[in-house]
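**Q** return a 3D structure for these sequence lines:
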Amino acid sequence: MYAWIWRKLPFGLPGKLSGSIVLAAAVLAVLWYVVFPWATPLLPFDDVQVGTGTQQEQGPAQQDPNVVTSADENAPEDIPYSTESNAPHPSSIPGG
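**A** So this is what the prediction gives:
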């Protein structure tokens, strides 16, 4: 197909190069302004669900995740990594 298009483009090599650039730009414009907007509602890009299926079945009356429960009160206060740098803890370096 591409060879057929290349043979049909007029005006020698400069015309074939510029014609192929114009054809590629036209195809990209049709995709960007027609095909992609049409297909966006059909694709699940905004259907983000984190967790297991049991959490989704609880419905709108599920517990607020920001509320501290008694299980969270017993959690350790120290986090096991530095929030100030990207350097790993020396004990986690292999051979160190």
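**Q** max-length helix in this structure?
**A** helix 12-30 (DSSP state H).
**Q** so what does that helix touch, helix or strand wise?
**A** Based on contacts counted as 3 or more CB pairs under 8 Å, 6 or more residues apart in numbering; DSSP states H and E, the elements that helix 12-30 packs against are helix 2-8. Just so you know, the C-beta spots here come from the backbone N, C-alpha and C atoms, and that holds for glycine as well.
**Q** helix or strand: which one has residue 39?
**A** When elements are assigned from DSSP states H and E, residue 39 belongs to helix 36-39.
**Q** may I ask which helix or strand of this structure has the lowest mean pLDDT?
**A** Across the helices and strands of the chain, mean pLDDT, DSSP states H and E gives its lowest value to helix 53-56, namely a mean of 54.
**Q** got any ranges where the chain has weak pLDDT?
**A** Applying pLDDT under 70 to the chain flags residues 47, 51-77, 80-82, 87-96.
**Q** in the longest helix of the chain, what's buried?
**A** By 16 or more other CB atoms under 10 Å, the buried positions in helix 12-30 come out as 16, 19.
**Q** contacts for it, please.
**A** 5-6, 9-11 (CB atoms under 8 Å, 6 or more residues apart in numbering).
**Q** which of the residues you listed are buried?
**A** residue 9.
**Q** out of the contacts of helix 12-30, which one sits closest to residue 33?
**A** Of all the contacts of helix 12-30, residue 5 has the smallest distance to residue 33: 22.0 Å, by CB to CB.
**Q** show me the contacts for that closest one.
**A** 20, 23.
**Q** mind doing that once more with 10 Å?
**A** For residue 5, the contact set (CB atoms under 10 Å, 6 or more residues apart in numbering) comprises 16, 19-20, 23.
**Q** what about residue 46, how many neighbours?
**A** Residue 46 is surrounded by 7 other residues when neighbours are defined as other CB atoms under 10 Å.
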